[in-house]
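# All I have is the shape, not the residue letters:
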């Protein structure tokens, strides 16, 4: 008869806990020994310590300045979620459900910018936009109680396929939707 999973976990946790305590104790003893024996010659290293502290302080100021500059430079691009060229994009609501898609709009125009707000009614889905040559244009996740936004500008007219990119159940392979771009 096989052991229950919680019993196997208990069998592994006890030795892991003991080994952790032993190794931690060993590390503590080694550090204590080194610390105890190094205090005797502390005055020999005063010059080296002063030089090290000076180098450390200069390094800190340089590092802090570089990181502060990088933070300021990158934070000016916030919010990251909407590219500037999609500020006035047409908004389209997309809801995934086993095993189909519900679009608030079915026909789209070449050159117009769209913001697809994607969510799910039931389980996680992946939404992929494919052109007529089955080349993936863009994709995002469709998740329950969460909305992801993907921005698309269709460059050519035609029939585009929307496919689920994450296994969502027995009929996942049937989760195909088509939209028209004129």
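That came through fine. Everything quoted here is computed from the prediction, not taken from an experiment.
# all contacts plus neighbour counts: C-alpha atoms, from now on.
OK.
# got the phi/psi numbers for residue 180?
phi -100, psi 130 (degrees, to the nearest 10).
# ok, now which ones touch it?
106, 107, 108, 157, 158, 159, 160 (CA atoms under 8 Å, 6 or more residues apart in numbering).
# farthest pair in the residues you listed?
106 and 157 (13.5 Å; CA to CA).
# Comparing those two, which residue is more hemmed in?
Ranked by neighbour count (other CA atoms under 10 Å), residue 106 and residue 157 place residue 157 first, with 15 against 12.
# who touches that one in this structure?
Contacts of residue 157 by CA under 8 Å, 6+ apart are 109, 110, 180, 181, 182.
# What subset of those is buried?
109, 181 (16 or more other CA atoms under 10 Å).
# Quick check: of the contacts of residue 157, which lies closest to residue 85?
Distances from residue 85 to those, taken by CA to CA, are shortest for residue 110, at 15.4 Å.
# Please report the distance of the closest one from residue 68.
42 Å (CA to CA, to the nearest Å).
# And residue 106, by the same measure?
For residue 106, the distance to residue 68 - CA to CA - is 47 Å.
# follow-up on the earlier one: can you add distance to residue 13, pLDDT and secondary structure and give the contacts of residue 180 back as JSON lines?
Output for those, formatted as JSON lines (distance: CA to CA, whole Å; pLDDT from 0 to 100; DSSP: H, G, I helix; E, B strand; the rest coil):
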{"residue": "106", "distance to residue 13": "56", "pLDDT": "89", "secondary structure": "coil"}
{"residue": "107", "distance to residue 13": "58", "pLDDT": "92", "secondary structure": "strand"}
{"residue": "108", "distance to residue 13": "58", "pLDDT": "96", "secondary structure": "strand"}
{"residue": "157", "distance to residue 13": "61", "pLDDT": "95", "secondary structure": "coil"}
{"residue": "158", "distance to residue 13": "59", "pLDDT": "95", "secondary structure": "strand"}
{"residue": "159", "distance to residue 13": "57", "pLDDT": "95", "secondary structure": "strand"}
{"residue": "160", "distance to residue 13": "53", "pLDDT": "96", "secondary structure": "strand"}
